[in-house]
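quick check, what structure comes out for this input:
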Amino acid sequence: TEQVSCNLVQAPNGCAALARDRSWQDPRTCGDLKRPTWDSMIFPLFALPVLALAAASVLWCVLKLLYLGIWRCKPFRRFINTHVGSVSSPMPRSVTLVTFMLRVQLILSIGSVFVFIFKTYQREIPPWVAWLEASVGVLLFTDFVFSGCKQEFRLSSLFELGALVDLATLPGIFCPWLQLRLGWDIWPEHGHWITLSFFRSFQAVSASEKLQSLRTTSGRPTPGSSASLAGPNVGITEEGYEILKTLVRFVALMSCFTSMVLCFEALGEPECFQGTKFATAMGDIDFFTMVYWVMETVSTVGYGDFSPKTVLSKATTMVGMFAGVALFTIQVGNLLQTMSNQKQGTGSYKPTKRGHV
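The predicted structure is shown next:
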């Protein structure tokens, strides 16, 4: 009763004080007053990346003009063609700088994910974490501009997956430091730990695969990078590297979905979905709940949180399970057969505008 009274009546500071007086284990979990809401997170999670995209577009236009102006300088052209690359010549003569920047992106992206995991347990950002994230953010922004230079600062490059991940994650990396130093309260109180930094796991995967591509294209391994794991000196075969790549992709995918579910559960049910369910013998359900239940049933996961109660729904469920398994089996077989035909050169012919011999 005291805890409910604390949640509904006491101010947040009084709530924490009452929690300490009653020896509750964790005052930070003292109820909804210390919990971020969807309304308070709309701007930092969704509007701020859009503003970052708009700001990056303006920056790209300025850097494009600067790039074209300096392009007349012969030493600059030589440096770009030798160490960076361009749209017309994506592979530079020397991959040393590109390899270094990819390693930086790989290490810092993995570090950003671990910092996010750390913040989910603390649910507060100590000053040293804010400074650490700001330092990481400066290096990631440098890599972001370097990638833009490689694309000659074309606006279309901002809509590539890697650039979109940078624009979505960099605001959340810089904002704790801005709030600490300048007092910019962009993130709501008790919601500073909810950012999109976990998406940087995909940047880590992309960097590792680009390192492997550089090793293959340049004809020599890049020692010290994850791509060099596939090199002949360590005895890992191509099949072994594919298994390793699949494992890395799986870890990145699991990290992203785990973090997303964690954030969604912390924010609670959005207001647009509240009050849409109705009570049945199966439980409180709505259309989306039934879609979720059918997916977990057809996929043979079966959490057991819902189960049909009426005869007609049970009969429909049996037919649906049989049809789902049969459809999945048939379609996977057709897909594998199509892939096999394409590999053997016996796939279907698609006419093109150019002449066919």
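
any stretches of the stretch 101-250 of the chain with poor pLDDT?
Within the stretch 101-250 of the chain, the ranges that satisfy pLDDT under 70 run 217-238.

can you pull out the helices in it?
127-150, 161-182, 200-218, 238-267 (DSSP state H, counting those that start in this stretch).

can I get the ones you listed in JSON lines with mean neighbour count and distance to residue 309?
Backbone N, C-alpha and C define where each C-beta goes, glycine included. JSON lines is the format used below for the helices of the stretch 101-250 of the chain (neighbours: other CB atoms under 10 Å; distance: least, CB to CB, whole Å):
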{"stretch": "helix 127-150", "mean neighbour count": "17", "distance to residue 309": "49"}
{"stretch": "helix 161-182", "mean neighbour count": "20", "distance to residue 309": "43"}
{"stretch": "helix 200-218", "mean neighbour count": "20", "distance to residue 309": "41"}
{"stretch": "helix 238-267", "mean neighbour count": "14", "distance to residue 309": "27"}
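
turn those helices into CSV, including distance to residue 73.
Formatted as CSV, these follow (distance: least, CB to CB, whole Å):
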stretch, distance to residue 73
helix 127-150, 14
helix 161-182, 26
helix 200-218, 27
helix 238-267, 40
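
residue 120: which of these is closest?
helix 238-267 (6.3 Å; CB to CB).

for the nearest residue to residue 173 once chain neighbours are set aside, which residues are in contact?
Nearest non-adjacent residue to residue 173, counting by CB to CB, 6 or more residues apart in numbering: residue 137, 4.0 Å away. Applying CB atoms under 8 Å, 6 or more residues apart in numbering, one finds that residue 137 lies in contact with 170, 173, 174, 177.

report the separation between the residue nearest to the third one when sequence neighbours are not counted and residue 318.
Spelled out, that is residue 174. The spatially closest residue to residue 174, leaving aside those adjacent along the chain, is residue 137, at 4.8 Å (CB to CB, 6+ apart). Distance of residue 137 to residue 318, given as CB to CB, to the nearest Å: 54 Å.

same check on residue 88?
For residue 88, the distance to residue 318 - CB to CB - is 60 Å.

those two: who's more crowded?
residue 318 (11 against 7; other CB atoms under 10 Å).

secondary structure element holding that one?
helix 311-344 (DSSP states H and E).

quick check: mean pLDDT across that helix?
Helix 311-344 shows a mean pLDDT of 85.

for it, which positions count as buried?
317, 324 (16 or more other CB atoms under 10 Å).

distance from it to the middle of the chain?
30 Å (CA atoms, centre = their mean, to the nearest Å).

and it, what does it pack against?
Here helix 311-344 touches helix 287-298, going by 3 or more CB pairs under 8 Å, 6 or more residues apart in numbering; DSSP states H and E.

that older thread, nearest to residue 81, of the helices of the stretch 101-250 of the chain?
Comparing those by CB to CB, helix 127-150 comes nearest, at 11.4 Å.

nearest the geometric middle of the protein, what residue?
In the chain, the residue lying closest to the centroid (CA atoms, centre = their mean) is residue 199, at 1.9 Å.

quick one, what contacts the closest residue to that one other than its chain neighbours?
Nearest non-adjacent residue to residue 199, counting by CB to CB, 6+ apart: residue 165, 5.1 Å away. Residue 165 sits next to 199, 200, 202, 203 when contact means CB under 8 Å, 6+ apart.

OK, contacts around the second one?
Think residue 200. So residue 200 contacts 108, 109, 110, 112, 113, 165, 169 (CB under 8 Å, 6+ apart).

kindly report the same for the third one.
For residue 202, the contact set (CB under 8 Å, 6+ apart) comprises 161, 165, 252, 256.

CSV for these, including distance to residue 43?
Output for the contacts of residue 202, formatted as CSV (distance: CB to CB, whole Å):
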residue, distance to residue 43
161, 24
165, 20
252, 27
256, 22
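
thinking again about what came up before, you'd agree the residue nearest to the centre of the chain is up against residue 168?
Yes: using CB atoms under 8 Å, residue 199 makes contact with residue 168 at a distance of 6.0 Å.
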